[in-house]
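In: please work out how this folds:
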Amino acid sequence: MNEQDEREILQCIEHTMVADAKVIKLAEQQLFEFQKQSGFATFLLRVVSNTDIPLNIRLSSAIYLKNKIQRSWNAIKREDGIKADEQQIIKENLIQALVSNSQNNHLRPHLTESIRRILNTNCEWDLTSAIVELLSSGKQDYVYSGLLILFEVCIVHRWDMSDSRQTIDDVISLVLPIVEGIASQLVSQNDYRSNELLYLILKCFKYACLNNFPQYFNNTDKLSAWIQMHLFLCSKPLPAEVLQLDPADRSLDKRVKVNKWAFGNLNRFIHKFSRPTKSISEEFVSYVLANLIPSILEDYFKIIQSWSDQSLWLSQASLHFLIQFLEKCMVMDQIYPLLEPHLGTILESVIFPCLCASSQSVELLEDDPEEYTRRYFDMNKEGSTADVASSDFIFVVGHKRDSQLSKILPFVNNIFLSYSTNENDIYCAYKQEGAMRIISTLFAFIDPSADLEGIFSHYIISFLTQTKYPFLTARALETIAIYGNPFEDMGTLSKLFELTYTHFLNSNILPIQIEAADALKTLVVSNPNIHSHISSQVPGIMEKLLKLSKEFQIDIISEVMEVFVERFSDELTAFGEDLADNLVDQFLTLGRSMVESSGGTYSTGDQDQEIQVSALLQTMTTMVMSMTKVPLIDKFLPVVKFTIVNAQITFLSELVDLMDSLALSSQTLYNQFTPAVWEMFHDVLDSFQTYAMDYFETYLVFFQTVVTHGFPKDQTFLQPFLEILSVKMESEIDYDVEGVLDILVLYALSMRDTPLFDRALKASSNDELEIDDARIVKTFLANLFVKPIETLQTCENEGATLSMLTKWFSCKFSSVFAIKLQILAIIALFKLPELPSCVKGFTNQFSDKLITLTEQLPEAIRKRDAISKGDDFIQEALEVGPNGEDDEYFDEYEDDLNETVLDQINAFQEIHNFFSQLQAQNPSKYQQIVGSLTDVKRHSLNVILEFVSQN
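Out: Residues are numbered from 1 along each chain as shown. Below is the predicted model:
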């Protein structure tokens with residue numbers, strides 16, 4: 001690359017930053033051509049290090065360099081690949097460039113990312129000597145650069161398994177002793193720069209040592225020293241200048257992050273190294289349990305006391321990791337005795353305070369109700385916060401150490417009692433929130449005989465009637481929402497519903513509205529006896545829910561709507577079309593917003609929208625299934641078209657459920673598919689020309705409905721559908737082929753035709769696919785039932801007859817569907833004027849199997865009906881073992897969930913008709929079949945025939 005080229009490259013880089021789109025595009029095209037030349041990446045690296053060049057051009061060069069390495073480092077043979085000699089030059093100069101620019105916050109991230117991308121290419125680049133040299137320099141800037149490089153090495157090797165850790169273990173053995181010396185000098189320093197170095201050290205330690213067992217830990221003295229350093233950092237008070245910062249800004253300070261990472265590393269340590277594994281010896285675990293964890297707990301108890309008396313400030317993240325550590329100790333039988341004497345202190349000094357309201361939380365409610373709602377009530381929000389960890393701790397106490405409930409419940413009750421005499425004390429009100437969060441977490445573990453309803457009648461109702469503390473109202477409503485038991489006292493239930501309903505309709509405080517909606521859902525689900533009393537209020541509730549769902553995106557609202565639609569479909573029928581219009585409008589608004597923003601980075605807001613869209617689709621499906629008299633197909637068609645056309649695959653499962661329900665609704669209302677359903681199906685077929693082929697399995701339930709109910713009356717789209725099945729039959733993915741086989745079974749029964757059967761036989765004989773024998777056997781049986789001669793001829797042509805019969809007789813089917821299918825297939829064979837020669841030798845086996853299947857059918861019907869009645873009937877009817885062993889029928893139960901042609905066929909009547917007609921019309925054949933039976937089987941047949949004739 002000559003000087004002229006270099007000048008032109010700099011000019012192009014400069015032109016990419018102008019305001020003219022045409023100039024930018026031309027410059028990018030020129031750069032794309034330049035980057036094919038040898039020396040391009042080396043030149044960019046020189047530009048980055050040249051302080052005479054403007055910073056914006058150096059920054060763009062750093063970004064181009066990073067991307068060039070990503071694209072071309074492993075492509076030596078490609079025209080634009082970075083060749084070996086240039087790679088060596090880059091590696092030699094990249095470290096120096098980082099050292100020179102380590103204080104430049106703009107350039108440094110791109111240089112470290114370039115190092116990581118080279119390391120990620122499996123390039124043999126040993127940076128150990130460079131790291132050691134920088135760390136041993138005694139100069140803080142060089143030490144910082146050394147730690148940056150060490151961090152990149154550690155993060156690249158962070159998932160190396162125990163049998164492939166040689167590289168990172170070698171680095172650790174040489175580097176960590178030097179890092180230990182540096183850390184020992186930094187831990188007592190309070191300045192920002194020193195703590196920035198400590199922050200890097202803790203991150204390096206995590207990625208090098210806390211994912212998989214490092215050989216370095218075999219030296220337990222070294223390990224103990226690291227643990228002690230972490231504990232020192234956990235208990236180290238923050239300097240005054242940090243404490244003077246606003247709490248939100250405080251957590252961004254490196255000194256606070258050092259504290260957080262110290263707690264986080266210790267928490268990760270106990271979770272990773274407190275039980276023996278393939279790479280962690282029992283001896284090591286014994287040392288950890290006997291020496292390290294007790295030492296950590298001892299310090300943690302002191303830290304809790306210091307935090308409780310406010311002599312030590314801890315961030316939410318630090319508290320989160322501390323409490324998670326304690327939670328882990330709660331479930332470890334060897335460690336729990338160390339924790340048990342302190343459990344009361346832990347509860348009162350850290351867990352309970354973290355669950356209480358505070359001036360900060362109340363301020364958030366007043367300033368930003370939406371953020372408050374998401375922070376404190378959205379269960380889909382994940383965060384490293386102290387209150388979430390505290391709730392989890394309380395749950396573990398209830399689940400694993402329920403004997404402690406006798407100490408916790410009186411504590412909670414005393415908190416509740418204190419409110420009646422201190423209603424005007426804001427701090428007492430804060431504590432009521434903590435008490436409600438504890439009791440609601442423990443509902444599932446409290447003895448049902450306990451007077452839980454008394455909590456609601458004595459305390460929750462009073463929190464709902466007060467108006468001074470909105471945060472208490474919201475939390476009381478959430479407590480109702482979590483309590484899933486039916487209320488026995490109708491007075492309490494009536495009062496709770498009235499207050500909840502009033503808050504829902506009249507409050508203008510968002511979290512109160514949201515939690516009131518959730519509480520209404522629980523009251524309706526758990527107390528069906530109130531349905532008739534509140535039915536007149538349901539349309540008003542639904543109207544408010546729709547309004548609320550437009551204003552705030554949270555899946556709770558859609559879940560509530562779904563419950564009301566499902567349980568009050570008659571009351572909402574008149575409201576159904578307006579409800580559908582509202583849901584469609586919301587969906588399309590959200591959907592268009594997501595499509596427009598899909599080119600950017602994924603954010604929390606995107607996740608919230610996805611949850612809302614998914615919930616809306618589920619509510620639509622529930623509407624279609626529940627409001628069976630309301631034609632909603634045309635209403636929801638735009639939703640289906642939008643999702644398919646815009647390839648919104650995130651919602652494919654929900655969309656397929658909606659399409660399936662619409663197709664079934666059309667069949668129920670009109671006994672056929674409407675044009676809108678066929679339009680929907682046509683859009684699906686079109687999508688298979690672009691993206692949908694990869695998601696074939698997701699569409700199966702919808703395709704099965706189309707095959708069963710649609711194609712028998714309209715074959716317009718039959719051929720392109722069969723072409724899709726033909727393509728998927730050639731798939732190298734077993735579940736794709738098995739999905740096609742399932743459809744072909746239903747297709748044969750509905751259309752009385754056997755397409756693709758020869759291809760199915762070939763696929764089933766492919767050992768690499770490992771197709772489930774039951775799938776091809778059912779396809780074979782369905783085809784035998786509708787076209788026995790053609791089916792056997794295909795088997796003969798493929799040399800598969802004996803193989804299919806062997807597989808059939810080896811399969812143990814237990815579903816009603818499979819048993820009936822076998823019965824009908826055998827009858828179809830016996831109805832032939834003469835059995836084809838290829839199966840004639842199996843007459844006796846067919847005869848015996850026919851009677852055996854007929855004997856099994858009543859038991860299968862009993863099991864199917866038992867499961868359809870619900871959980872209360874399953875154990876008794878299916879004779880599930882005391883340890884919950886599955887009955888074989890469970891494996892095939894799904895067969896009996898699908899509606900098929902066989903549902904309309906009475907197999908017992910078919911058997912009776914067959915034998916009666918055969919005996920009258922062809923006595924010799926009758927004798928051949930019956931004569932081959934044993935006396936026991938013959939008796940069974942006579943009993944069956946007699947029973948059918950009398951019924």
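In: what about the nearest residue to S665 once chain neighbours are set aside, neighbour count?
Out: In space, S665 comes closest to V624 once its chain neighbours are excluded; the distance is 5.1 Å by Cβ to Cβ, 6 or more residues apart in numbering. The way it works is simple: take the backbone N, C-alpha and C, and place the C-beta from them, glycine included. Look at V624: counted by other Cβ atoms under 10 Å, it has 28 neighbours.
In: again with N67
Out: When counting by other Cβ under 10 Å, one arrives at 15 neighbours for N67.
In: distance from the chain centre to the longest helix seen in the chain, please.
Out: Longest helix in the chain by number of residues (criterion: DSSP state H): helix 843-869. Between the centre of helix 843-869 and the centre of its chain there are 39 Å (Cα atoms, centre = their mean, to the nearest Å).
In: circling back: name the element the residue nearest to S665 belongs to?
Out: Using DSSP states H and E, V624 sits within helix 604-626.
In: ok, M561 next?
Out: Using DSSP H and E, M561 falls in helix 555-567.
In: who's in contact with that helix?
Out: The contact list for helix 555-567, computed with Cβ atoms under 8 Å, 6 or more residues apart in numbering, reads 377-378, 380, 514, 517-518, 520-521, 524-525, 528, 531, 538, 541-542, 545-546, 548-549, 572, 579, 611-612, 614-616, 618-619, 622-623, 625-627.
In: among those residues, the buried ones, what's the ChimeraX command?
Out: To isolate the buried members of the contacts of helix 555-567 in ChimeraX, using 16 or more other Cβ atoms under 10 Å:
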select :377,378,514,517,518,520,521,524,538,541,542,545,546,548,549,572,579,611,612,614,615,616,618,619,622,623,625,626,627
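In: where does this structure dip in pLDDT?
Out: Scanning the chain for pLDDT under 70 picks out the ranges 1, 380-382, 449, 598-605, 870-891.
In: mind running it again at 50?
Out: Across the chain, the ranges flagged by pLDDT under 50 are 600-602, 880-886.
In: quick one: buried residues of stretch 196-216?
Out: For stretch 196-216, the neighbour count (16+ other Cβ under 10 Å) marks 196-214, 216 as buried.
In: just checking, T167 touches D160?
Out: Yes - under the criterion of Cβ atoms under 8 Å, T167 makes contact with D160 at 7.2 Å.
In: check contacts around E738.
Out: E738 makes contacts with 771-772, 775, as judged by Cβ under 8 Å, 6+ apart.
In: Throw those into JSON lines and include neighbour count, thanks.
Out: Putting these into JSON lines (neighbours: other Cβ atoms under 10 Å) gives the following:
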{"residue": "I771", "neighbour count": "19"}
{"residue": "D772", "neighbour count": "16"}
{"residue": "R775", "neighbour count": "22"}
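In: among those residues, which ones are in helices?
Out: Per DSSP H, helices hold the following members of those: R775.
In: measure the spatially closest residue to I557 that is not a sequence neighbour to A225 for me?
Out: Nearest residue to I557, sequence neighbours excluded (Cβ to Cβ, 6+ apart): S549, at 4.4 Å. For S549, the distance to A225 equals 56 Å [Cβ to Cβ, to the nearest Å].
In: and if you look at D585?
Out: For D585, the distance to A225 equals 63 Å [Cβ to Cβ].
In: repeat for T51
Out: Shown here: T51 relative to A225, a distance of 41 Å by Cβ to Cβ.
In: so between the two, which is more surrounded?
Out: Neighbours were tallied for T51 and for A225 using other Cβ under 10 Å; the higher tally belongs to A225 (14 against 10).
In: what's the nearest residue to that one if we skip its chain neighbours?
Out: In space, A225 comes closest to E180 once its chain neighbours are excluded; the distance is 6.8 Å by Cβ to Cβ, 6+ apart.
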